[in-house]
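Below are the sequence and a predicted model; questions follow.
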Amino acid sequence: MGLKFSRWAVPCSLLGLLLALGGCSSSPPYNQTPAITAIVPSNITAGSQDFSIFISGTGFIANAQGATFGYWNGSARSTNYNITTGQLQMMISAADVANPGQVQITVISPPPGGGEAVTAATFYVEAPQAGWPVISSISPVSASLNAKPPLITITGTNFVLGDVVTWNGQSRASGSAYLSQTQMTIQPVANDMTTAGNASISVSDPGLVNASPSVDFAINGTNAPSPSVGSLSPSSATAGAADLQVVVRGSGFATNSTALWNSTPLATSYLSASALIALVPAADLAAAGSAEISVMTPAPGGGTSSTTTFTIKAQ
């Protein structure tokens, strides 16, 4: 899981030339090769709803020159970089975990330098077994952003004394309460309500091995503005190009906004209310033509912007 330090090395002959020409720049011209040190959660039960994987490591970036994206068995997923925690938040859909199995998770940063993490992390989608906990409902199902955290009642089956409730894949034993074989509660903390989006809740044994499929608890912000696309950078590519990161500039973007390629979602990284990075896969750039790029922000508020044309030039 080490870094590819050879990317930073300068041969002596080149060093002499650089010095003769006026010296080296104050910072290396390459992005660091990313490395994964941990993922949370590292497993989930098949049949869970949408959730996020939080990736810790080094060398992650997100700026106008490009962003580090998480990959699920080789396919990019929308990924946001948290500058405060230094983590990547990779969004995983319910369709991704519909069936049990092992998944390889890696991260890739754009050139110059950058590249793929040396070592991937293994994520496990567990097959539910007879007798495991099952959640049928939660109440309430949502709260407002930055509101006082509500006590959430979880109704289901196969709960046992000692079970814990997990929040975003992490045990909340201190906030969990067992009421009966069909009811538990979880008391979130104030920090849980500070980011709009969905938190995932499950009921698990203390070892976090046998767990229910997770369900979503919505943290609702104020109505999102309607997104608007102003420009793309780059706005074109040559047919046959490799995966390409495109900066989408505009206004009204939110952390859960998604760039669309001819109405099909692209892996997206949020930079600011006026900039997103969309990852266009090589398959979409295989043939000359054009595509329409727009941005969609889910309710409350939000909506879909008008489109801007991306051109794929013949070789």
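Arrived safely, thanks for sending. Numbering: from 1, shown residues only.

quick one, domains of the protein?
Annotated domains of the chain cover 30-126, 134-220, 228-313 [automatic domain parsing].

For these, could you give me a markdown table that also reports mean neighbour count and mean pLDDT?
Glycine gets a C-beta too; all of them are placed from N, C-alpha and C. As requested, the domains of the chain are arranged in a markdown table below (neighbours: other C-beta atoms under 10 Å; pLDDT from 0 to 100):
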| stretch | mean neighbour count | mean pLDDT |
| --- | --- | --- |
| domain 30-126 | 18 | 96 |
| domain 134-220 | 17 | 96 |
| domain 228-313 | 17 | 97 |
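
and the nearest residue to residue 55 once chain neighbours are set aside, what is it in contact with?
Spatial nearest neighbour of residue 55, excluding adjacent residues (C-beta to C-beta, 6 or more residues apart in numbering): residue 88 at 4.2 Å. For residue 88, the contact set (C-beta atoms under 8 Å, 6 or more residues apart in numbering) comprises 54, 55, 57, 60, 68, 70, 79, 80, 81, 82, 107.

now swap in residue 165 and tell me
Residue 165 makes contact with 154, 172, 175, 176, 184, 185, 186, 201, 202, 203, 204, according to C-beta under 8 Å, 6+ apart.

Could you give the bridge partners of it?
residue 203 (DSSP bridges).

secondary structure class for residue 230?
Following DSSP: H, G, I helix; E, B strand; the rest coil, we place residue 230 in the strand state.

isn't residue 194 right up against residue 146?
Yes: if you go by C-beta atoms under 8 Å, residue 194 and residue 146 touch, sitting 6.1 Å apart.

so what's the nearest residue to residue 303 once chain neighbours are set aside scoring on pLDDT?
Nearest non-adjacent residue to residue 303, counting by C-beta to C-beta, 6+ apart: residue 226, 4.7 Å away. pLDDT recorded at residue 226 is 97.

what helix or strand does residue 226 sit in?
Using DSSP states H and E, residue 226 sits in no helix or strand.

so who does it touch?
252, 297, 301, 302, 303, 305.

let's go with 7 Å and repeat that
252, 302, 303 (C-beta atoms under 7 Å, 6 or more residues apart in numbering).

Same list, those, but as TSV with distance to residue 270 please.
TSV is the format used below for those (distance: C-beta to C-beta, whole Å):
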residue	distance to residue 270
252	12
302	14
303	17
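
Spatially central residue in the protein, please.
residue 90 (1.7 Å; C-alpha atoms, centre = their mean).

returning to what we had before: in helices only, show me the contacts of residue 88.
Within the contacts of residue 88, no residue falls in helices by DSSP state H.

out of the contacts of residue 226, who's nearest residue 102?
Nearest to residue 102 among these: residue 302, at 35.2 Å, using C-beta to C-beta.

If we ignore the residues flanking it in sequence, what's nearest residue 313?
Leaving aside its sequence neighbours, residue 313 sits nearest to residue 238 (C-beta to C-beta, 6+ apart; 5.1 Å).

Three-state assignment for residue 95, please.
Assigned with three-state DSSP, residue 95 falls in the helix class.

likewise residue 159?
coil.

And it, how close does it get to residue 201?
Residue 159 is 13 Å from residue 201, where distance means C-beta to C-beta, to the nearest Å.

Next: residue 166.
On the measure of C-beta to C-beta, residue 166 and residue 201 end up 7 Å apart.

what's the answer for residue 165, then?
Residue 165 sits at a distance of 6 Å from residue 201 (criterion: C-beta to C-beta).

now swap in residue 255 and tell me
For residue 255 relative to residue 201 (C-beta to C-beta), the value is 20 Å.

Then residue 79?
22 Å.

cool, residue 106 as well?
27 Å.

just residue 302 next, same as before
24 Å.

so can I have JSON lines of the contacts of residue 226 showing distance to residue 266 and secondary structure?
As requested, the contacts of residue 226 are exported to JSON lines (distance: C-beta to C-beta, whole Å; DSSP: H, G, I helix; E, B strand; the rest coil):
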{"residue": "252", "distance to residue 266": "18", "secondary structure": "coil"}
{"residue": "302", "distance to residue 266": "17", "secondary structure": "coil"}
{"residue": "303", "distance to residue 266": "18", "secondary structure": "strand"}
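
Let me know the closest of these to residue 212.
Nearest to residue 212 out of these is residue 302 (C-beta to C-beta; 30.4 Å).

For residue 295, see how far away residue 37 is.
Taken as C-beta to C-beta, the span from residue 37 to residue 295 is 32 Å.

again with residue 136
According to C-beta to C-beta, residue 136 and residue 295 sit 36 Å apart.

Same check on residue 150?
To residue 295, residue 150 is 32 Å away according to C-beta to C-beta.

Same question for residue 201.
For residue 201 relative to residue 295 (C-beta to C-beta), the value is 29 Å.
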